[in-house]
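Student: Have a look at this fold, sequence not included:
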């Protein structure tokens, strides 16, 4: 696959996000904007983005603010952090629609974990431009809230500092040991992303956009956008029975992958690719 890193979004502003583009390996069916979760980056989505590119999709994978090679989070920003992440990606979507990508078929948003919450909010903000949304175990809390639990945020912050004290090569080894099913080719990007993550944003933790997520799903379905939520059955998944009920009630498709945890695409890569490529084929048939 041809991958090309670059800065995009907001024109020449200093806040432009760094992105990695993966070009479709066959005549393009459309474009996927792929959003990673907390303490990850665009390159950590490589196994999924390569599968979509092989199926005819251009993929744009930004490093969200405070991650990868994108600008750091500004603690003095008066906008809620989740809404700032959303606004950053809205700017990318607007820019894409002014580019040649607008001629290459529908626009789809993908998001994992915190990126899933952002993807849904972006799609709801641009319902006339986004055809469909794929969400991998999105970070949605019940009861519905726009805030992270302070204890959870502090633990994540301390864990991140511990990982940042370990050389990336050693993190790769520990990742291989802890997650033997994960593709080894993606682990170096994962380890680097831990070092690149902004501890201040992780400690704040308020990366859930302010619009309530059940309302976002209802708005997307009312606008005609197709939504697929992929989750697992492992002890670390965030989408539980009550989430599933609300998701289905609001008209989204739900796929549950037996045995997969929070990183469905890494725990069950073949099944994840099968589910998502079939969904994208419905969105843009050959």
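Tutor: Ah, there it is. Keep in mind the model is a prediction, meaning the values are calculated, not measured. Numbers count the residues shown, from 1 in each chain.
Student: who's in contact with stretch 207-218?
Tutor: 38, 80-83, 85-86, 114, 117-118, 120-121, 123-124, 138-141, 144-148, 201, 227, 246-247, 250-252 (CB atoms under 8 Å, 6 or more residues apart in numbering). All C-beta spots, glycine's among them, are computed from the backbone N, C-alpha and C.
Student: Tell me the buried residues in the helix or strand encompassing residue 219?
Tutor: Using DSSP states H and E, residue 219 falls within helix 213-222. Applying a neighbour-count criterion of 16 or more other CB atoms under 10 Å, one finds 213-214, 216-220 buried in helix 213-222.
Student: Of the contacts of stretch 207-218, which belong to helices?
Tutor: Among the contacts of stretch 207-218, DSSP state H puts 81-83, 85-86, 114, 117-118, 120-121, 123-124, 201, 246-247 in helices.
Student: Show the residue spans covered by the helices in the stretch 151-286 of the chain.
Tutor: Under the criterion DSSP state H, counting those that start in this stretch, the stretch 151-286 of the chain contains helices at 168-178, 187-196, 199-204, 213-222, 241-249, 264-267, 269-283.
Student: Now residue 58. Its backbone dihedrals?
Tutor: For residue 58, the backbone dihedrals (degrees, to the nearest 10) come out as phi -70, psi 140.
Student: Return the residues in contact with it.
Tutor: If a contact means CB under 8 Å, 6+ apart, then residue 58 has 21-24, 28, 30-32, 101, 104 as its contacts.
Student: cool, and residue 29?
Tutor: 55-57, 104-106, 280, 284, 286.
Student: now, among the ones in helices among the contacts of stretch 207-218, which is nearest to residue 66?
Tutor: Distance to residue 66, by CB to CB, is smallest for residue 201 among the ones in helices among the contacts of stretch 207-218, at 3.7 Å.
Student: Show the pLDDT at the closest one.
Tutor: At residue 201, the pLDDT value in this model is 98.
Student: same question, the one 4 residues further on
Tutor: Confidence per residue is given as pLDDT, and for residue 205 that number is 96.
Student: Now that it has come up, it's in contact with residue 153, right?
Tutor: Yes: look at residue 205 against residue 153 with CB atoms under 8 Å: they come within range, at 3.2 Å.
Student: The two: which has the busier surroundings?
Tutor: Using other CB atoms under 10 Å as the criterion, residue 205 and residue 153 rank with residue 205 on top: 21 against 18.
Student: can you tell me how far the more buried one sits from residue 164?
Tutor: Per CB to CB, to the nearest Å, residue 205 is found 17 Å from residue 164.
Student: what's near enough to touch residue 66?
Tutor: Contact partners of residue 66, counting by CB under 8 Å, 6+ apart, are 72-73, 197-198, 200-202.
Student: Buried among those? Need that as a selection in ChimeraX.
Tutor: A single ChimeraX command selects the buried members of those (16+ other CB under 10 Å):
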select :73,197,198,201,202
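Student: Cool, thanks, signing off.
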